[in-house]
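J.: need the 3D shape of this:
(one chain, ligands or ions: 1)
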Amino acid sequence: MKTFWVITISLIVVSCGIILAFLQPPEDLRFNWDNIIIDSSLVSSFPKSFLWGTATSSHQVEGNCNNNNWARWENIPGKILNGDKAGLACDHWNKYKEDIQLMKQLGVNTYRFSIEWSKIQPRMNEYSQEAIDHYEQVIDELIAQGIQPMITLHHFTNPLWFEDIGQFEIESNIQYFVNFSEFIFKKFSKKVTYWCVINESEVVAIVGHLFGFFPPGRHNIFQTFQVMKNLIKAHTQVYNRLKALPGGEKVMIGFVKNVMQFDPYNYWNPVERIVCGFLDYLWNGFMLNKLKVEKPLDFIGLNYYSHVNLKFQFTPPFINVAIPPEEQHLKTTMNYTVYAEGFYRALKLVSELNVPIIVTENGIADPSDTLRDIYLRRYLYSLKKAIEENIDVRGYIFWSLMDNFEWMEGYSQKFGLYEVNFNDANLTRTLRKSAKFFVDIVNKFNTLKKE
Ligand code: BGC
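T.: Next up is the predicted model:
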């Protein structure tokens, strides 16, 4: 009996050892923030051509995006917190001139926004001249005000006709997105240098097809991998098609990747490490490995918010999100924390692609406006550290210009540098106190650039 137990326990220990050895060791990086002084002078390490910007997406701010998969999803009870619907959103469609002035007040030189496919192509064979003219006016106004437009061609929303033929679940549907991208590129490529093809393919695939929180609300791991593959194919085909068009050689076309780390709550817990290893592969590794081989990109757009710690428990669901003690006071309302070390880790990770990096999103939901200042300081410190280590970062675009419709969280989350009063008919925008550090940094940068 004794021998049995010795052998069994030895086998368990050895197998755990082997599994741990095969898993990438988690990097629980921590900076000693008490000893780090962060002020606007950090910007002196940044290249003079650096892009400073803010971002939005059509469905979240424009208003009246009624002809897409999200509008339909919002009509299903229980899908969106408090039953919110994007509806008029921030009415950015009509207030874009005013909003561009808000950007000018921040001092930024770039604006990342998305073109709403369902407005441009409301039906499979129909294009809207009014929508094309609208985006042309937005682009012209930005340029007139000294702000570079950066276009995202797909930010989570599909026109209903595309959703109804099976969206990216079906490989042969990719052609419709490629044709739409070509159409937009031909219209605007003379005026727009920076292009993001698909925002966060892994979110579209995993949150929509595995977790089922986003449309089409499926729970199918095989389909999730299929959609990820199709989205990479869609990206690659768009990249190749646009690059071959006149002007293609002059523009920068990027792949926008959301990087999130899955870290074990207890470093030595093998179950936590196995789950984190798998999720890391699913969320980050799968796409990044493909990109490393195929390289269909002029830059990598990094969207980074935070990491997630996972903790094993003996009762269902067995694995749960848990905030480590040292991050308890840094919890945002999105149930993750301020973890700037993770931003540095993410920058290092995507630098392995050996293409320029643009941070296409980084920001925090902070309705009480108490954490955004520390968030900005720490994340920009991490950015500076990466730049000083010769990581080729070309821009930093904050999410978001203003509060907006936060997908399944509805209007409950407040990501804006500008607060939007959704109870007021004018949807008044007010600069948040915490935006000050961002404005200081950008102004310092602009002053240094002139010297
Ligand atoms: C998305 C944005 C979203 C932000 C904050 C990103 O994943 O691209 O649309 O609002 O995260 O959650």
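J.: so for Glu294, what's the pLDDT?
T.: Glu294 is assigned a predicted lDDT (pLDDT) of 88.
J.: the ligand contacts on this structure?
T.: Within reach of the ligand by C-beta under 6 Å from any ligand atom, the chain has these residues: 57, 60, 199-200, 203, 258, 303, 361, 399, 406, 415. No exception for glycine: its C-beta is placed from N, CA and C like everyone else's.
J.: hmm, try it at 8 Å
T.: 57, 60, 155-156, 199-200, 203, 256, 258, 303, 305, 334, 361, 363, 365, 399-400, 404, 406-407, 409, 413, 415 (C-beta under 8 Å from any ligand atom).
J.: so which residues of the stretch 301-450 of the chain form strands?
T.: Secondary structure of the stretch 301-450 of the chain (DSSP state E, counting those that start in this stretch): strands at 319-321, 357-361, 393-399, 418-420, 429-431.
J.: quick one: mean pLDDT for the last one?
T.: On average, the pLDDT along strand 429-431 is 98.
J.: report the distance from it to the chain centre.
T.: Between the centre of strand 429-431 and the centre of its chain there are 23 Å (C-alpha atoms, centre = their mean, to the nearest Å).
J.: how about the residue lying closest to Cys65 once chain neighbours are set aside, phi and psi?
T.: In space, and not counting its chain neighbours, Cys65 is closest to His59: 4.6 Å by C-beta to C-beta, 6 or more residues apart in numbering. His59 adopts backbone torsions of phi -60, psi -30, taken as degrees, to the nearest 10.
J.: residues contacting His59?
T.: The contact partners of His59, by C-beta atoms under 8 Å, 6 or more residues apart in numbering, come to 65, 68, 70, 86, 89, 114, 116, 155-157, 405.
J.: can you show me the strands along the stretch 101-250 of the chain?
T.: 110-114, 148-154, 194-199.
J.: can you show me the helices along the stretch 201-350 of the chain?
T.: With helices called from DSSP state H, counting those that start in this stretch, the stretch 201-350 of the chain shows them at 201-209, 221-244, 270-280, 286-294, 340-351.
J.: tabulate the strands of the stretch 101-250 of the chain (CSV), appending mean pLDDT, distance to Gly285 and mean neighbour count.
T.: Formatted as CSV, the strands of the stretch 101-250 of the chain follow (pLDDT from 0 to 100; distance: least, C-beta to C-beta, whole Å; neighbours: other C-beta atoms under 10 Å):
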stretch, mean pLDDT, distance to Gly285, mean neighbour count
strand 110-114, 99, 26, 26
strand 148-154, 99, 22, 24
strand 194-199, 99, 18, 26
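J.: out of those strands, nearest to Val420?
T.: Evaluated with C-beta to C-beta, the strands of the stretch 101-250 of the chain place strand 110-114 nearest to Val420, the distance being 15.9 Å.
J.: so what does the closest one touch, helix or strand wise?
T.: If you count contacts as 3 or more C-beta pairs under 8 Å, 6 or more residues apart in numbering; DSSP states H and E, strand 110-114 packs onto strand 51-55, helix 58-61, strand 148-154, strand 194-199, strand 393-399.
J.: could those be laid out in a markdown table, adding distance to Glu136?
T.: Below are the helices and strands packed on strand 110-114 laid out as a markdown table (distance: least, C-beta to C-beta, whole Å):
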| stretch | distance to Glu136 |
| --- | --- |
| strand 51-55 | 20 |
| helix 58-61 | 15 |
| strand 148-154 | 11 |
| strand 194-199 | 16 |
| strand 393-399 | 22 |
